[in-house]
Every structure is written in structure tokens, then in C-alpha cells.
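# Here is my input; please provide its structure:
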Amino acid sequence: MKSQDITVIITSFHSGDKIFDCIDSINSDVKIIIIENSNDKLLKKQIQTKYNNVKCILSEENLGYGAGNNLGLSMVDTDYALVLNPDVTLKKDAIDKFFLSINKVENFGIIAPISKNEKYNNFNIDLDKDIKEVKNVKGFAMFFNMKNFKKIGFFDENFFFYFEEIDLCKRLQNNNIKIFIDPSIEVIHLGGSSHNEKINKPMELSRNWHWMWSSFYYHKKHYGYMSGLIKILPNLLSSIIKFIIYLSIFKKFKSDVYKYRVLGIINSVLLKKSWYRPKF
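Next up, the predicted model:
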């Protein structure tokens with residue numbers, strides 16, 4: 001396998017310097033497609049002036065993680081794609097190791113690396129051992145076998161962000177397509193810092209709204225409306241209580257966080273689309 005067999009997809013939103021660190025960690029002969037959800041024309045010019053191997057697409061609206069990646073994946077003409085968050089940097093040999101992993105498995109849809117600062121307890125992963133089949137992976141770095149997505153498609157665009165990679169893995173499994181984590185492949189994932197720090201507060205409110213919306217939508221989609229309702233009810237009650245507590249002690253930002261959680265749940269339960277977008 002060669003670098004020409006893979007395309008890297010990065011969906012970005014006000015990612016600032018982090019997107020440059022990510023690009024710099026990727027071999028210069030690897031094709032990279034960036035979907036920039038902030039419509040930042042200056043950033044596009046800076047990227048395409050600095051890098052010959054990068055194409056930056058301005059989405060003209062904030063598509064979110066799933067739809068942004070789908071736009072990039074629709075342009076891929078290689079056998080494999082690597083979907084990355086903009087706050088991820090690759091170790092020097094990461095892409096070579098992905099190609100080595102291909103020889104270890106059959107009928108795979110996704111192979112994921114590890115990041116030492118991530119917790120893998122729920123995956124039952126021994127970080128000193130070889131590649132392991134899992135039910136789902138974390139979405140910060142995913143190596144796609146493109147041919148195995150023809151039947152199921154890519155991300156469900158009803159998710160703005162959160163749960164879209166879990167949903168994708170669920171659909172792969174339903175079609176007997178395998179998912180793996182390879183502990184021999186390491187990347188650095190900063191986590192929760194893909195955007196500029198100056199927009200942290202509105203992004204935190206947006207994250208809480210969408211986490212709750214996506215949680216109910218995912219469980220409703222795969223297990224039915226009542227199962228989704230039962231799953232989300234403890235979060236709804238907890239969020240209402242915490243909202244009242246923080247409001248009563250004048251902790252405005254904390255009360256806003258739980259208000260947005262409540263609103264995310266209510267909108268999802270009422271079967272409204274994932275409409276909320278961060279404001280700044």
C-alpha cells in the first residue's frame with residue numbers, strides 16, 4: 001500500500017492553529033480534504049497557500065461533524081480514508097501502521113488507533129496487545145475501508161454532533177462488517193479543544209444541547225421510542241434539578257448548561273430536528 005491509496009478527511013470549525021498542527025503531522029504526499037464549517041475564507045487561503053496536498057472546502061453553513069465528513073468522503077476516490085478531528089496529530093509512522101493493520105484482519109469497516117490520554121476501559125483494550133475487534137470506536141481518528149460503506153452509507157446527518165460514530169459502528173455491525181482498535185497505532189488527541197478558546201462558552205452550551213438530543217435520537221432509532229425515553233429520563237430529571245439549584249445560587253453559566261441539556265432532551269423527545277447552532 002502507498003500514500004496515494006488514502007485520503008485524509010478533516011472537518012473543522014474555528015480550529016485556529018490546531019488544524020495546522022494536524023496537517024503538519026501528515027505525510028506531504030497524502031491527499032487531504034478539509035471541510036471548514038465556519039466559512040472562513042482567510043483560513044482557506046492560508047491552508048491552500050501553505051500546502052500543495054490540501055484542498056479546503058468552505059461549507060457555507062455549519063454542517064456539523066457527520067454531514068461535514070460526509071461531504072469530504074463523497075469526494076474520496078482512494079480505497080481508504082482517514083477521518084480525523086482537527087485536534088489530532090499523527091505519530092510519524094501512523095499511516096504506515098494502518099496499512100500494516102489491513103493484513104491482520106478481514107472484512108473490516110473501521111480501524112481506529114489509540115491516544116494515550118484517552119480512556120479505553122469500556123472497550124476492554126489491553127494497550128500492550130495486538131489488534132482487537134470491538135463494537136464501536138471513538139470518533140477522533142477512524143481509518144475507513146471505503147468499499148464496505150457502499151451498502152450502509154456514511155454518517156447519519158440527523159446527528160449534528162455526538163453519537164454519529166457510535167451509530168455508524170452499529171450499522172456496520174448490523175451488516176456483519178467488523179470494527180477494530182489497533183494499539184500499535186498511536187495518535188495524540190487533545191480532546192474537547194478543536195475550536196478556538198474564545199468561543200468556549202457558546203460551544204459548551206451547544207455540546208450539552210446536542211449530547212442530550214443525540215442520546216435520545218440514537219436510542220430511539222435503534223431500540224424504539226419508549227426505550228429511548230426510559231434511557232433519557234434520569235438525565236432529564238437530573239438536569240432539571242441541577243438547573244434549579246444553580247439558578248437559585250446565581251451560577252448563571254452552570255444553570256445555562258443544564259437548561260440547554262433540558263432543551264436538547266425536550267426537542268429530541270418531541271421529534272424535532274437537531275436544529276440548535278452555537279451563537280457568537
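
# K170 and I177, how far apart?
Computed as CB to CB, to the nearest Å, the K170 to I177 distance reads 11 Å. Where C-beta positions appear, they are placed from N, C-alpha and C, glycine not excepted.

# Distance check, C22 against R261.
Plainly put, C22 is 30 Å away from R261 if you go by CB to CB.

# Next: K150.
K150 is 37 Å from R261, by CB to CB.

# just G153 next, same as before
Look at G153 and R261: by CB to CB, they are 30 Å apart.

# the helices in this protein, which residues?
17-24, 41-50, 64-73, 94-102, 164-174, 200-223, 225-248, 252-269 (DSSP state H).

# What are the buried residues along the fifth one?
Read that as helix 164-174. For helix 164-174, the neighbour count (16 or more other CB atoms under 10 Å) marks E164, E165, I166, D167, L168, C169, K170, R171, L172 as buried.

# wait, which of these is closest to D77?
The closest of the buried residues of helix 164-174 to D77 turns out to be L168 (CB to CB; 20.8 Å).

# where does the chain have low pLDDT?
1-2, 117, 119-128, 192-198, 280 (pLDDT under 70).

# Can you tell me the centre-most residue of it?
Nearest residue to the geometric centre of the chain (CA atoms, centre = their mean): G139, 4.1 Å.

# Pull the contacting residues for the spatially closest residue to that one that is not a sequence neighbour.
With sequence-adjacent residues excluded and distances taken as CB to CB, 6 or more residues apart in numbering, G139 is closest to E165, at 3.4 Å. Contact partners of E165, counting by CB atoms under 8 Å, 6 or more residues apart in numbering, are N136, V137, K138, G139, M142, F155.

# E165 and Y225, how far apart?
Counting by CB to CB, the gap from E165 to Y225 is 23 Å.

# do H219 as well
Taking CB to CB, one finds H219 at 9 Å from Y225.

# More neighbours: those two, which one.
H219 (20 against 13; other CB atoms under 10 Å).

# quick one: the more buried one and L233 touch, right?
No. The criterion here is CB atoms under 8 Å, and H219 misses it with L233 at 11.1 Å.

# Tell me which two in the contacts of E165 are the farthest apart.
Among those, K138 and F155 lie farthest apart (CB to CB), at 14.5 Å.

# What would the strand ranked longest in the chain look like as PDB? C-alpha coordinates only.
In the chain, with assignment by DSSP state E, the single longest strand is strand 178-189. Extracted in PDB, the C-alpha atoms of strand 178-189 (Å, rounded to 0.1, in the frame of the first residue of the first chain):
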ATOM      1  CA  LYS A 178     -16.000  -5.600  11.600                       C
ATOM      2  CA  ILE A 179     -14.500  -2.800  13.600                       C
ATOM      3  CA  PHE A 180     -11.100  -2.800  15.300                       C
ATOM      4  CA  ILE A 181      -8.800  -0.900  17.600                       C
ATOM      5  CA  ASP A 182      -5.100  -1.400  16.900                       C
ATOM      6  CA  PRO A 183      -3.000  -0.300  20.000                       C
ATOM      7  CA  SER A 184       0.200  -0.400  17.900                       C
ATOM      8  CA  ILE A 185      -1.100   2.800  16.100                       C
ATOM      9  CA  GLU A 186      -0.900   5.900  18.300                       C
ATOM     10  CA  VAL A 187      -2.000   9.400  17.700                       C
ATOM     11  CA  ILE A 188      -2.200  12.500  20.000                       C
ATOM     12  CA  HIS A 189      -5.700  13.700  20.700                       C
END
